[in-house]
Structures are given as C-alpha cells and as structure tokens.
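Asker: Please find the sequence and the predicted model below.
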Amino acid sequence: MADVVIDNCMEWLTGDKVGAVTFSQKRWVNKLFKYAEEYPEDVEIISQNSDGSVYAFVPISWFKFSPPRKGREMTEEEKAAAAERLRKARENKK
C-alpha cells in the first residue's frame, strides 16, 4: 500500500491582498468549502483534485502564523476558585 501524503500549503507574494492555499487534510478542506459558502466574495475555489485536495484563493489577512498559547500552572486553590466561579456562572445562566 502506498504512503498517504498530506499536503497543506499557503503561498502569497508581498504586496498582494490574495494568496493561494492548497489543502489535502480533510479538516482544512471542509473548512475551506464552508468559508467559500459563507464568504463567496472572499474565497474562490479554483480546483478540487481527484485525491480530494483543494486549491483556492483567500485573503492574505486570513493567514495566521503563531505559536500555541502557553498554559500557566495553577495551584489547587486557584483551580478550586475557578471551578466555583464557573459553577456560579452556570447557575446564573439558568
């Protein structure tokens, strides 16, 4: 059986307002089609290939590249206080 290659790519030129994306990972393919439906003036699906990958144009302002958020360690007291705040908020919502 052949290896499956998952390819996701974003490319753009400095100064352009629109960039190209290629996604073969199903999560991103689905998201791209959803955005194309919600924002037809911003997202243009150029092609869907036989392997399921999609090539499209999207605004460069939608591109984001950042490290994951770092969690901070909470003491047991802080965790208990946060749990109590959440419990009260849920009660007030009802």
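Answerer: Arrived safely, thanks for sending.

Asker: Show me what counts as buried in the helix ranked longest in the chain.
Answerer: Counting residues, the longest helix in the chain under DSSP state H turns out to be helix 76-93. Residues of helix 76-93 classed as buried by neighbour count (16 or more other C-beta atoms under 10 Å): none. In short, each C-beta sits where N, CA and C put it, glycine included.

Asker: contact partners of it?
Answerer: residue 74 (C-beta atoms under 8 Å, 6 or more residues apart in numbering).

Asker: could I get that helix in CSV with only the CA atoms?
Answerer: Written as CSV, here are the backbone C-alpha positions of helix 76-93 (Å, rounded to 0.1, in the frame of the first residue of the first chain):
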residue,chain,number,x,y,z
GLU,A,76,-5.1,23.8,43.9
GLU,A,77,-6.6,26.9,45.4
GLU,A,78,-6.7,28.7,42.1
LYS,A,79,-8.3,25.7,40.4
ALA,A,80,-11.0,25.5,43.2
ALA,A,81,-11.7,29.2,42.9
ALA,A,82,-12.0,28.9,39.1
ALA,A,83,-14.3,25.9,39.4
GLU,A,84,-16.5,27.9,41.9
ARG,A,85,-16.7,30.9,39.5
LEU,A,86,-17.7,28.6,36.6
ARG,A,87,-20.3,26.9,38.8
LYS,A,88,-21.9,30.2,39.8
ALA,A,89,-21.8,31.5,36.2
ARG,A,90,-23.7,28.4,35.0
GLU,A,91,-26.2,28.8,37.8
ASN,A,92,-26.8,32.4,36.9
LYS,A,93,-27.2,31.5,33.2
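
Asker: Find out how far that helix is from the centre of the chain, if you would.
Answerer: Offset of helix 76-93 from its chain centre (C-alpha atoms, centre = their mean, to the nearest Å): 29 Å.
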